[in-house]
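**Q** Sequence and predicted structure below; questions after.
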Amino acid sequence: MPDTWVVVGLDNGGTSNNATVLDSSGKFLVDRLVETPSRVTEGPEVAVESLAASLDGILELTGTSRGRVRAVGLDTPGPASADGVISSKGATNFPQPAWWGFDVRSALEDRLGLPVVYNNDGNAAALYAHHAHFGADASRHSSISAIVGTGLGGGVVESGQVVRGAAGMAGELGHVHIPMQGLLEDGQPLPMCNCGFGGDAESVASLTGIMTNLLPYWLTRFEDHELNTVELPAAAKLVRARGEDGDPLALKIFEQQAMALGRLFTIAANFTDPSAYFVGGGVVETGPKFREWFLEKVREHTVLREEQERVASFALVPDLDMAGARGAAIAARDVSGA
Ligand SMILES: [Zn+2]
């Protein structure tokens, strides 16, 4: 059916753009990562050109004519406003002053001459997790996704749509305060987050949290541990593999992370009472046994009422490396009224 429409999803990252095409029947035309350089460090103009090249590339790869493209979904790392203006204070991925306050959504829309729908990467991944899990029933369900990476990202989906908030800052799950009593050991210092909060979800459930808070403490409790001889940033990255091997120090760290996510989900249970709780990030890239153990720990620490337990599900976010582009495409489809 050559005359049917498609939407394109573009996932912008620090080094690469990943692109996908979603057709009008709900099928993704690529089943793998299709990456091109993002060139974000060369400033906005070069980066917008690279996004345009990524779109041309995916259309060529899938044999899709440009005339069939109804809308483009774009996601980038934040912080950014709900409609794609990069934070005026800058962002890790967008270091040059030219990016500060830059409206990347409008710039790409002008460059392409096509409607562009924006989401931050956490929200795009949350949207994909929701649609992958619920399929045709997506609009009848709600969910919360927590994605553990360098920080703690994710999003809140209500009736199949991302909750954006007045300033585009809804679903910043990492900076929700969680109770620390019973999570921390006696004498363990209050974990601090880059945002300035002490004891928020990201201060525990993130790679940064491992490096700055959890690992330095646990190394004092395991004085003979081999990670004491490794520099902290490198040691933090080794914790995941040690956890899979059953290392007791690493398991202590992952238990605290699972407890933090469970407490975050307990807040969600009392706030939006979602149908599904999704966990994603580095932990999903581990072996099946370890990731199921981790998900079970999160579930254990999520306090639900009996009525909620009967209807709620817990799952891992699938296809994480493609989740951004796919979620961006789904947003473009839904917003463009398809
Ligand atoms: Zn924070």
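**A** Okay, I see it. Computed from a prediction, not measured in an experiment: that's the story for all the values here.
**Q** residue contacts, residue 145?
**A** Residues in contact with residue 145, defined by CB atoms under 8 Å, 6 or more residues apart in numbering, are 122, 125, 126, 129, 130, 154, 155, 157, 278, 279, 280, 317. For glycine as for every other residue, the C-beta is placed from the backbone atoms N, C-alpha and C.
**Q** ok but it is inside a helix, no?
**A** No - per DSSP: H, G, I helix; E, B strand; the rest coil, residue 145 lies outside any helix segment and is strand.
**Q** Using pLDDT, spot the least trustworthy of the contacts of residue 145.
**A** Within the contacts of residue 145, the minimum per-residue pLDDT falls on residue 317 (87).
**Q** That residue: neighbouring residues, count only.
**A** By other CB atoms under 10 Å, 23 other residues sit near residue 317.
**Q** Spatially, what comes nearest to it if we skip its sequence neighbours?
**A** Closest residue in space to residue 317, ignoring its immediate chain neighbours: residue 280 at 3.0 Å, by CB to CB, 6 or more residues apart in numbering.
**Q** was I right about that neighbour contacting residue 152?
**A** No - with contact defined as CB atoms under 8 Å, residue 280 and residue 152 do not form a contacting pair (10.5 Å).
**Q** Neighbour count for the two, which is higher?
**A** More crowded of residue 280 and residue 152, by other CB under 10 Å: residue 152, with 30 against 26.
**Q** Tell me where the chain has helices.
**A** Applying DSSP state H to the chain gives helices spanning 44-62, 104-112, 121-134, 201-204, 207-209, 215-221, 232-244, 248-271, 288-300, 306-311, 320-335.
**Q** Out of these, which gets nearest to the ion?
**A** Closest of the helices of the chain to the ion is helix 201-204, at 4.7 Å (criterion: CB to the ion).
**Q** Quick one: mean pLDDT over the closest one.
**A** Rounded mean pLDDT across helix 201-204 is 97.
**Q** Check which helices and strands it is in contact with.
**A** helix 207-209, helix 248-271 (3 or more CB pairs under 8 Å, 6 or more residues apart in numbering; DSSP states H and E).
**Q** got those helices as TSV, with mean pLDDT columns?
**A** Formatted as TSV, those follow (pLDDT from 0 to 100):
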stretch	mean pLDDT
helix 207-209	95
helix 248-271	98
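**Q** which bits of the stretch 51-200 of the chain sit near the ion?
**A** Residues of the stretch 51-200 of the chain found near the ion (CB under 5 Å from the ion) are 175, 193, 195, 197, 200.
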